[in-house]
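*Asks:* return a 3D structure for these sequence lines:
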Amino acid sequence: MKKILSSAFIVFLLFSQTAQAKELEVWSNKDSGKYSSGFQLQLLTNIKNARIFWTKNADASPAQGLMYESPISIRRTTALWFFAFTPEPEISSTQFQKTLFFVESASGYEHLRISKINPRTKIITLKNYSDFPADLSGWILKSERGEYFFDNQELASGKTLEISLPMKSVVPRVALVAPDGNTKQIASLPLLENGEVWMCTTRRSSSCGITNKI
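*Replies:* Prediction:
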């Protein structure tokens with residue numbers, strides 16, 4: 001009986017030592033890379049009592065940064081360093097890890113734009129200036145004389161889409177409204193001569209103007 005108990009006790013000790021020897025690991029729920037919009041970054045470990053520290057300061061150790069307690073909001077291109085450690089009695093720590101996130105926009109709504117308006121044909125052209133496909137669900141095009149609601153539609157990177165929408169023939173005003181309800185672009189056209197249209201060469205409003213290209 002004593003031998004059986006001794007054997008069981010040895011197995012228990014070996015199991016306990018194996019559990020205690022578990023190597024500390026830390027990781028994030030997002031890999032370094034390019035993202036179309038902002039997101040919530042989570043840091044995780046495989047040991048319950050481990051503590052995680054992180055910083056966005058390249059000149060400082062994460063140990064001098066913030067202790068991780070809740071998801072970190074990544075709203076723009078960001079470099080972030082983090083590591084984890086376990087306190088006494090079983091002290092262990094991980095190497096510093098760096099993640100680099102290239103974020104196109106905070107909301108994901110900054111790259112869909114009105115690129116051309118032709119009041120003569122009542123055609124409005126949208127363009128996706130993002131490196132990612134744009135989900136058009138919930139977007140609205142508005143003029144003084146009508147509205148166009150998008151639903152379950154996707155516009156590929158760099159592609160354009162023509163929409164027919166009633167508008168004033170002279171100095172029309174067209175607005176592009178994002179799914180969050182915010183107006184992302186307002187196009188107030190000047191007086192156009194025959195054969196002229198209003199066009200943008202980039203997603204910036206400063207690139208928009210009158211052209212003879214139809």
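*Asks:* in the sheet, who's paired with residue 176?
*Replies:* Counting by DSSP bridges, residue 176 is bridged to residue 141, residue 185.
*Asks:* give the contact list for residue 36.
*Replies:* 103, 104, 105, 108, 111, 130, 131, 132 (Cβ atoms under 8 Å, 6 or more residues apart in numbering). In short, each C-beta sits where N, CA and C put it, glycine included.
*Asks:* check what pLDDT the third one gets.
*Replies:* At residue 105, the model reports a pLDDT of 90.
*Asks:* skipping adjacent residues, who's closest to it in space?
*Replies:* For residue 105, ignoring the flanking residues on the chain, the nearest one in space by Cβ to Cβ, 6 or more residues apart in numbering is residue 37 at 5.7 Å.
*Asks:* how far away is the most centrally placed residue in the chain from residue 104?
*Replies:* The chain has residue 37 as the residue nearest its centroid, 1.8 Å off, counting by Cα atoms, centre = their mean. Distance of residue 37 to residue 104, given as Cβ to Cβ, to the nearest Å: 7 Å.
*Asks:* likewise residue 206?
*Replies:* 19 Å.
*Asks:* again, but for residue 145
*Replies:* On the measure of Cβ to Cβ, residue 145 and residue 104 end up 33 Å apart.
*Asks:* more neighbours: the two, which one.
*Replies:* Using other Cβ atoms under 10 Å, the more surrounded residue of residue 145 and residue 104 is residue 104, with 18 against 11.
*Asks:* quick one: secondary structure of that one?
*Replies:* strand (DSSP: H, G, I helix; E, B strand; the rest coil).
*Asks:* returning to what we had before: my guess is the residue nearest to the centre of the chain contacts residue 108. True?
*Replies:* Yes: contact criterion Cβ atoms under 8 Å: residue 37 and residue 108 qualify, at 2.9 Å.
*Asks:* and the gap between residue 212 and residue 122?
*Replies:* In terms of Cβ to Cβ, residue 212 sits 19 Å off from residue 122.
*Asks:* no, scratch that, I was asking about residue 24
*Replies:* The separation that residue 24 has from residue 122, given Cβ to Cβ, amounts to 64 Å.
*Asks:* now residue 209
*Replies:* Residue 209 is 20 Å from residue 122, by Cβ to Cβ.
*Asks:* neighbour-wise, which of those two wins?
*Replies:* Neighbours per residue (other Cβ under 10 Å) separate residue 209 from residue 122, with residue 122 holding more: 18 against 10.
*Asks:* any idea how this protein splits into domains?
*Replies:* If you go by automatic domain parsing, the domain ranges for the chain are 23-105, 112-211.
*Asks:* understood, closing this out.
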